[in-house]
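Participant: The following comprises the amino acid sequence and a computationally predicted model.
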Amino acid sequence: MEKLIEKIKSANTIAVIPHINADPDTLGSCYAFCEAMRLMGKRAVCYVEEIPQQRFQFIGGEYTLYTGEVDVYDLCASLDCGDMERLGKRAEIFNSAHDTINIDHHVTNTLFAQANYVEGDAAATGQILCEFLPKLGIKINDTIARYLYIAICSDTGCFKFSNVESKTLRYTADLLEYNFDHAEIARLLFDTDSLSVTKFKAELMGSIESYADGKLSVIELSDELYEKYGIPESEVPNVVDIPRRVEGTEIALCFKPKKDGIGVNFRSNSDVDVSKISIKFGGGGHERAAGCTVHEGTMQQVKRAVIDECVRVLENL
Ligand SMILES: [Mn+2]
C-alpha cells in the first residue's frame, strides 16, 4: 500500500481505467477515485472502452471514450480489473504510463501493475476505496460517498449476496452520513427496467418450462426475441434469474443460441453442484453458477440432453 500511495503522491496526471463492459462497481470506483485525485490537485481522466450502458447513465460521472490517441500519463490506475485483458484496447494507455497501479477485489487478480492493492475477499472495489482513500489523506465528500455507495450496493446485489461482511456494512454506514439519495440508487440499480425490457421479461416468464416436479425451471432465448423488443443482450444481465425465482426450483437453466453452438447457463438454489453437470457438456464454473457451450446439435437436441441429465441428477439426490 505504501508503494501505491507514493506513486499517487508523485503523479500530476492520472489516467483511470474501468474494466471493459463496465459495471457500477468499476464505474463508481473510478469516478470516486478521479474525484479524490482532483481533490489532491491532480489532473485525472477516466477512459472508457465503450459508452456505459443506458441503465447506468444515472451514475453520472465524467468519462472520455478511448479512441486510440492519448497522451502519456504520469500514472495509470486500473480499478476492479482482474487482469490486463479487462483493460481492452486501453492497455496502451496503461503500458505507456510512467507508473501503474491496480486496485481490485478479484481473487484471480494477476497483479499486473507495478503496485497492486488486491483484497480478494472484499465485497466490491468500492469497499476497498472506503479504506484506501482516507489513508491517502482524502476527506470523502458527498460526491465520492455517492459513487462508493453505488459501487458497493451494486456488487453486493443490494447487500443481499454472501460477499457482504460486517465490514461492508460498517463502511456503508459511514457513507450514509453524507448527503445523497441512497434509496433512489437502489431503486435504479435493482427495481427499474425499461418498458421494452419489462415486456421482454414478461414474455420469458410466460414461457418458463418446468420439469422434475418443479425442481428444474428452464427458459430459452432467441435472437428474434431480443430483436422483437429492440434490446441488446447486455441490457438484460442474469436472465437465468427469471426461472431461478420460481418456488421449488433447485436448478435453473437458460438456453441461448450462439455463433459457435448452444450456450447453457446453470444456476443452483440447492446443494446440487451444477458445475459437475456443465463439465459433462464441456463447460465449467462454480457449484451454484456454471455454464457451457455445446458445439454440436440443434437447440432441441441440446435442450433435451441437458434437461435429461439435470432430471437424472435431481431424481438421484
Ligand atoms: Mn467489482
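Facilitator: Sure thing, it's come through. Numbers count the residues shown, from 1 in each chain.
Participant: which residues touch residue 128?
Facilitator: By C-beta atoms under 8 Å, 6 or more residues apart in numbering, residue 128 lies in contact with 103, 104, 105, 117, 119, 122. C-beta: built from backbone N, CA, C; applies to glycine.
Participant: roughly how far apart are the fifth one and the ion?
Facilitator: The one in question is residue 119. 11 Å (C-beta to the ion, to the nearest Å).
Participant: Could you tell me the phi and psi values at the nearest residue to residue 230 once chain neighbours are set aside?
Facilitator: Excluding the flanking residues, the one nearest residue 230 by C-beta to C-beta, 6 or more residues apart in numbering is residue 196, at 5.9 Å. Reported as degrees, to the nearest 10, the phi and psi values for residue 196 are phi -70, psi -40.
Participant: Check residue 296 too.
Facilitator: phi -120, psi 140.
Participant: give me the number of residues near it?
Facilitator: 9 (other C-beta atoms under 10 Å).
Participant: returning to that earlier point: and of the contacts of residue 128, the nearest to the ion?
Facilitator: residue 105 (5.8 Å; C-beta to the ion).
Participant: wait, the closest one sits on residue 129?
Facilitator: No - contact criterion C-beta atoms under 8 Å: residue 105 and residue 129 do not qualify, at 10.3 Å.
Participant: out of those two, which sits in the more crowded spot?
Facilitator: Using other C-beta under 10 Å as the criterion, residue 105 and residue 129 rank with residue 129 on top: 30 against 24.
Participant: Look up how far the ion lies from the more buried one.
Facilitator: In terms of C-beta to the ion, residue 129 sits 11 Å off from the ion.
Participant: next one: residue 203
Facilitator: 31 Å.
Participant: Please name the nearest non-neighbouring residue to that residue.
Facilitator: residue 225 is the one closest to residue 203 (C-beta to C-beta, 6+ apart), at 6.8 Å.
Participant: any idea of the mean pLDDT in stretch 97-115?
Facilitator: What stretch 97-115 shows for mean pLDDT is 95.
Participant: Quick one: end-to-end distance for it.
Facilitator: Distance across stretch 97-115, first residue to last, is 13 Å (C-alpha to C-alpha, to the nearest Å).
Participant: buried stuff in stretch 288-295?
Facilitator: 288, 290, 291, 292, 293, 294 (16 or more other C-beta atoms under 10 Å).
Participant: Spell out which parts of the stretch 51-200 of the chain neighbour the ion.
Facilitator: 80, 125, 155 (C-beta under 5 Å from the ion).
Participant: Residue of the stretch 1-150 of the chain nearest the ion, please.
Facilitator: residue 25 (3.5 Å).
Participant: one step back: between the contacts of residue 128, which has the most around it?
Facilitator: residue 104 (29 neighbours).
Participant: Ramachandran angles for that residue?
Facilitator: phi -160, psi 170.
Participant: so what's the backbone phi/psi at the nearest residue to it once chain neighbours are set aside?
Facilitator: Spatial nearest neighbour of residue 104, excluding adjacent residues (C-beta to C-beta, 6+ apart): residue 118 at 5.1 Å. Recorded main-chain torsions at residue 118 are phi -120, psi 120, according to degrees, to the nearest 10.
Participant: element containing the residue of the stretch 1-150 of the chain closest to the ion, please.
Facilitator: helix 24-39 (DSSP states H and E).
Participant: Kindly spell out which helices and strands sit in contact with that helix.
Facilitator: strand 13-17, strand 43-48, strand 75-79, helix 125-135, helix 142-155 (3 or more C-beta pairs under 8 Å, 6 or more residues apart in numbering; DSSP states H and E).
Participant: Deepest in the core, which of these is it.
Facilitator: strand 75-79 (a mean of 29; mean count of other C-beta atoms under 10 Å).
Participant: Would you mind getting the angle between that strand and strand 13-17?
Facilitator: Angle between the axes of strand 75-79 and strand 13-17 is 20 degrees (criterion: axes from the mean of the first three to the mean of the last three C-alpha atoms, to 10 degrees).
Participant: Any idea how many residues pack against the residue nearest to residue 203?
Facilitator: 15.
Participant: Count the neighbours of residue 246 for me.
Facilitator: Neighbour number of residue 246 under other C-beta under 10 Å is 16.
Participant: and the closest residue in space to residue 44 that isn't next to it in sequence, what does it touch?
Facilitator: In this structure, residue 44 finds its nearest non-sequential neighbour in residue 37, 3.8 Å apart by C-beta to C-beta, 6+ apart. By C-beta under 8 Å, 6+ apart, the contact set of residue 37 is 8, 14, 16, 44.
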